[in-house]
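build me a structure from this.
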Amino acid sequence: MSKKFFKVDLVPAIRKLEILSKGLTSSKMIGAYRSVFKGKGLEFKDYHPYTMEDDAGLIDWKASVRTNEILVKEYAEERDVDVFFLLDCSSRMLFGSTNKLKAEYNIELSASLAHAILEAGDNTGLLLYSDKEKAKLLPSRGKTQFYTFSKMLLNADYYAGEFDIKNAVKFIFNYLKKSAVIIIISDFLGWKDDWQESLKILVQKFDIICIMVRDPRDRKLPDDVGQVVVSDPNTGKTLLIEPALLKEAYEHEVIEQEKKIQKSLLRLGIDFVEISTDSSFVKPLLNLFLRRAAKWR
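Residues are numbered from 1 along each chain as shown. Here you go, the predicted structure:
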């Protein structure tokens, strides 16, 4: 690409997710957030006088005898959560039939979610990977971390090659400590047939969330054009096709492929959400968090 950085304004994208981050830290949504990004445990914080709304099992009878008042223990979650993004930065991410390339959409999604994670006091890190490691950032927190995270995402020079999930998994397995949350963002196109085995290895050590981001043209061919030339982003090979003749078979194949991917991930115990670049990512992410909260209750 001739340009060094993508033309992405992260401020509007972050604001889109502010309603999500605020909701996740409210009393109604705190369970959803902690189910997605679980802390290490609970630590004692303080005592408060017992009320009818308290769990009687939390009464500290020894402290109550000493003070001549029924006291309940208060606990705070001990948070030391590492949330690590594995971002597909292959050549396919430079495709787009909407006003955003898949790469630009993924930048807004991952940066916005990282911002919410950092605001909640957790750590976030990043690996940009295609056929090899393009850039990496160990999990940490703070404003400097978000600046570095965003700067790495926006460097268009990193986006090239074919995504190799097998080697990306090997890298992560040796790079991160156990119990981190791994968020994989990709279109899942062009993955080799043994990708399930790679994720099976990863899920033994980490909590995995997969986000499939696809352009509308990844799912449906246009029906209002004549012959068109399509090219393979990895090999550069071109082919002349007539979309109207292939449309039905193409869309059927895509549906079957996505069903297979979802079934494989569910079988591995990996949470999964599909998002399209022509719609907002906020609602799908919120629904994902709610599903995880329900699963862990």
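
shaky segments in the chain?
Applying pLDDT under 70 to the chain flags the ranges 1-5, 12-45, 75-79, 224-236, 239-241, 243-245, 293-297.

contacts for the lengthiest helix in it, please.
Counting by DSSP state H, the longest helix found in the chain is helix 243-267. Contact with helix 243-267 is made by 188, 196, 199, 210, 212, 218-223, 225, 228, 271-272, 274, as judged by C-beta atoms under 8 Å, 6 or more residues apart in numbering. For the C-beta atoms, the positions are set from N, CA and C on the backbone; glycine is no exception.

next structured bit after that helix?
Counting by DSSP states H and E, the next helix or strand C-terminal to helix 243-267 is strand 271-276.

toward the C-terminus, what is the element adjacent to that next one?
Following strand 271-276 in sequence, per DSSP H and E, is helix 282-296.

what about the residue of the chain positioned farthest from its centre, distance to Pro49?
Each residue of the chain has a distance to the centre, and by C-alpha atoms, centre = their mean the biggest one is for Asn68: 50.3 Å. Noted for Asn68: a distance of 12 Å to Pro49, by C-beta to C-beta, to the nearest Å.

can you check Lys178 too?
From Lys178 to Pro49 the distance is 40 Å (C-beta to C-beta).

could you list the buried residues of stretch 152-159?
Met152, Leu153, Leu154, Ala156, Tyr158, Tyr159 (16 or more other C-beta atoms under 10 Å).

got CSV for the residues you listed, with secondary structure and distance to Ile165 too?
Below are the buried residues of stretch 152-159 laid out as CSV (DSSP: H, G, I helix; E, B strand; the rest coil; distance: C-beta to C-beta, whole Å):
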residue, secondary structure, distance to Ile165
Met152, helix, 20
Leu153, helix, 19
Leu154, coil, 23
Ala156, helix, 22
Tyr158, helix, 17
Tyr159, coil, 17
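
export those as JSON lines, with columns for distance to Ser90.
Formatted as JSON lines, the buried residues of stretch 152-159 follow (distance: C-beta to C-beta, whole Å):
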{"residue": "Met152", "distance to Ser90": "16"}
{"residue": "Leu153", "distance to Ser90": "15"}
{"residue": "Leu154", "distance to Ser90": "17"}
{"residue": "Ala156", "distance to Ser90": "13"}
{"residue": "Tyr158", "distance to Ser90": "10"}
{"residue": "Tyr159", "distance to Ser90": "7"}
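
out of those, who's nearest Ala111?
Leu153 (5.9 Å; C-beta to C-beta).

now the longest helix of the chain: how far from the chain's centre is it?
In terms of C-alpha atoms, centre = their mean, to the nearest Å, the centre of helix 243-267 is set 22 Å apart from its chain centre.

so which of the contacts of helix 243-267 sit within helices?
Gln196, Leu199, Asp218, Arg219.

tally of neighbours for the residue lying closest to the third one once chain neighbours are set aside?
To tie it back to what came earlier, the one meant is Asp218. Beyond its immediate neighbours in the sequence, the residue positioned closest to Asp218 (C-beta to C-beta, 6 or more residues apart in numbering) is Asp187, lying 6.2 Å away. Using other C-beta atoms under 10 Å, Asp187 has 20 other residues around it.

likewise for the one 5 residues further on?
When neighbours are defined as other C-beta under 10 Å, Lys192 has 12 of them.

and the one 5 residues further on, by the same measure?
When counting by other C-beta under 10 Å, one arrives at 12 neighbours for Glu197.

how deep is Ile208 tucked in, by neighbour count?
By the criterion of other C-beta under 10 Å, Ile208 has 20 neighbours.

tell me the secondary structure for it?
Secondary structure for Ile208, judged by DSSP: H, G, I helix; E, B strand; the rest coil, is strand.
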